[in-house]
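Chemist: Just a sequence and a predicted model for now, questions to come.
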Amino acid sequence: MNRWTPKTVLIVGGVVVLGAWYLKGKAGEALASAGQAINPTNNDNIIYRGANGLWASVTDGKGTIGTDLYDWLHGED
């Protein structure tokens, strides 16, 4: 005698709605974070950090790609 009463349906429905609302919020936060990680105008994006990290390991951390390129083109004063 397993019956779904109106009260049980409302409780289960409420739990499902609250769960979906919570997951939607978490998904939005994750998408915003991922969007900033690949945003080309963000100086802390993943490509910028990776390229400068690689450059720092090759040049012993003396500068960024941009500063070293500028120094190379304009000479160090």
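Modeler: On my side now, so go ahead.

Chemist: Point to the helix or strand of the chain where mean pLDDT is at its lowest.
Modeler: helix 6-37 (a mean of 81; mean pLDDT, DSSP states H and E).

Chemist: any idea which helix or strand comes after that helix?
Modeler: Once helix 6-37 ends, the next helix or strand along the chain (criterion: DSSP states H and E) is helix 46-58.

Chemist: hmm, back to that, now the least confident helix or strand of the chain, how far from the centre of its chain.
Modeler: Offset of helix 6-37 from its chain centre (Cα atoms, centre = their mean, to the nearest Å): 19 Å.

Chemist: same for that helix, what does it pack against?
Modeler: Using 3 or more Cβ pairs under 8 Å, 6 or more residues apart in numbering; DSSP states H and E, no helix or strand is in contact with helix 6-37. Heads up, the C-betas are built off the backbone N, CA and C, glycines and all.

Chemist: For it, list every residue counted as buried.
Modeler: Within helix 6-37, no residue counts as buried by 16 or more other Cβ atoms under 10 Å.

Chemist: CA atoms only for stretch 35-50, dumped as PDB, please.
Modeler: Taking Å, rounded to 0.1, in the frame of the first residue of the first chain, the C-alpha atoms of stretch 35-50 are listed here in PDB:
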ATOM      1  CA  GLY A  35      34.400  32.600 -18.200                       C
ATOM      2  CA  GLN A  36      36.900  34.600 -16.200                       C
ATOM      3  CA  ALA A  37      39.600  32.000 -16.700                       C
ATOM      4  CA  ILE A  38      39.500  32.400 -20.500                       C
ATOM      5  CA  ASN A  39      38.500  36.100 -20.600                       C
ATOM      6  CA  PRO A  40      41.100  37.800 -22.800                       C
ATOM      7  CA  THR A  41      40.800  41.100 -21.000                       C
ATOM      8  CA  ASN A  42      41.500  39.500 -17.600                       C
ATOM      9  CA  ASN A  43      45.200  39.700 -16.700                       C
ATOM     10  CA  ASP A  44      44.700  36.700 -14.500                       C
ATOM     11  CA  ASN A  45      43.300  34.300 -17.100                       C
ATOM     12  CA  ILE A  46      44.600  30.800 -17.500                       C
ATOM     13  CA  ILE A  47      46.400  31.400 -20.800                       C
ATOM     14  CA  TYR A  48      48.200  34.500 -19.500                       C
ATOM     15  CA  ARG A  49      49.300  32.700 -16.400                       C
ATOM     16  CA  GLY A  50      50.400  29.600 -18.300                       C
END
